[in-house]
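> my questions concern the predicted model and sequence given below.
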Amino acid sequence: MKKFLRAVGYILYYFIARHLPCSGLPYSLGAKGFRGFCARLMLDKCGKNVNIEHDAFFASGKGIEIGNNSGIGLNCRVAGPLSIGDDVMMAPNVTIVTQNHEVSDLSVPMRLQTAPKKKVTIGNDVWIGTNVVIMPGINIGSGVIIGAGAVVTKDIPDYAIVGGVPARIIKFRNQNND
């Protein structure tokens, strides 16, 4: 039954809901609720008051968990295995990568050298800025802020504010850094 419901959610989302207007627009016509309905069918776990924005892509939704009051932003691209906590804000154009390519075997084209998937975990109360890229296997702590355009290649501890390419800790929210 779960496969059937996932398939129904997939069809409804990718053929209709994904193309509806952004949630905050006065003419959105219930797009937030309809995309949330599709997400509950497709995702492994979907909390309450989840906001999936216009043109977000999350493949079949398999392996993706999203907590209460969290969202996948406008034009975002995510894949499972992925766990998103509660109260996570994701700005437009965020990419969360869970699989990459191997490059070590010179006798095989890189496109054929797929590495195993690595789970990305995002804690609670996280703000992910516009155009952020999060690489496979990353753990992001709770209370983290990731600045726009950052490329996250290493785990981020709780309450860190990070930015840059590659992302580096700028300061911590829970410390007096005057």
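Cool, the structure landed. Numbers count the residues shown, from 1 in each chain.

> quick check: the gap between the closest residue to residue 123 other than its chain neighbours and residue 6.
Nearest non-adjacent residue to residue 123, counting by CB to CB, 6 or more residues apart in numbering: residue 142, 3.5 Å away. To be clear about C-beta, it is placed using only N, CA and C from the backbone, and glycine gets the same treatment. Separation of residue 142 from residue 6 (CB to CB, to the nearest Å): 29 Å.

> who touches the lowest-mean-pLDDT helix or strand in the chain?
Here the helix or strand of the chain ranked lowest by mean pLDDT, DSSP states H and E is helix 2-15, holding a mean of 90. Helix 2-15 is contacted by residues 34, 35, 37, 38, 39, 40, 41, 42, 60, 61, 62 when judged by CB atoms under 8 Å, 6 or more residues apart in numbering.

> pLDDT score assigned to the residue nearest the centre of the chain?
The centroid of the chain falls nearest to residue 78 when counting by CA atoms, centre = their mean (4.7 Å). For residue 78, the model assigns a pLDDT of 96.

> what are the phi and psi values at the nearest residue to it once chain neighbours are set aside?
Excluding its sequence neighbours, the residue lying closest to residue 78 (CB to CB, 6+ apart) is residue 96, at 4.3 Å. Main-chain torsions, residue 96, degrees, to the nearest 10: phi -120, psi 110.

> also residue 151?
The phi/psi pair for residue 151 (degrees, to the nearest 10) is phi -120, psi 110.

> am I right that residue 42 is in contact with residue 56?
No - using CB atoms under 8 Å, residue 42 makes no contact with residue 56, being 11.3 Å away.

> how close does the closest residue to residue 22 other than its chain neighbours get to residue 23?
Distance criterion CB to CB, 6+ apart; nearest residue to residue 22, sequence neighbours excluded, is residue 54 at 4.8 Å. Distance of residue 54 to residue 23, computed by CB to CB: 8 Å.

> what's the overlap in contacts for the two?
Shared contacts of residue 54 and residue 23, counting by CB under 8 Å, 6+ apart, come down to residue 31.

> if we can go back for a sec, so the residue nearest to residue 78 bridges to which residues?
residue 134 (DSSP bridges).

> in this structure it contacts residue 73, no?
No - using CB under 8 Å, residue 96 is not in contact with residue 73; the gap is 10.9 Å.

> higher neighbour count, those two?
The residue with more neighbours, out of residue 96 and residue 73, is residue 96; 26 against 23, by other CB atoms under 10 Å.
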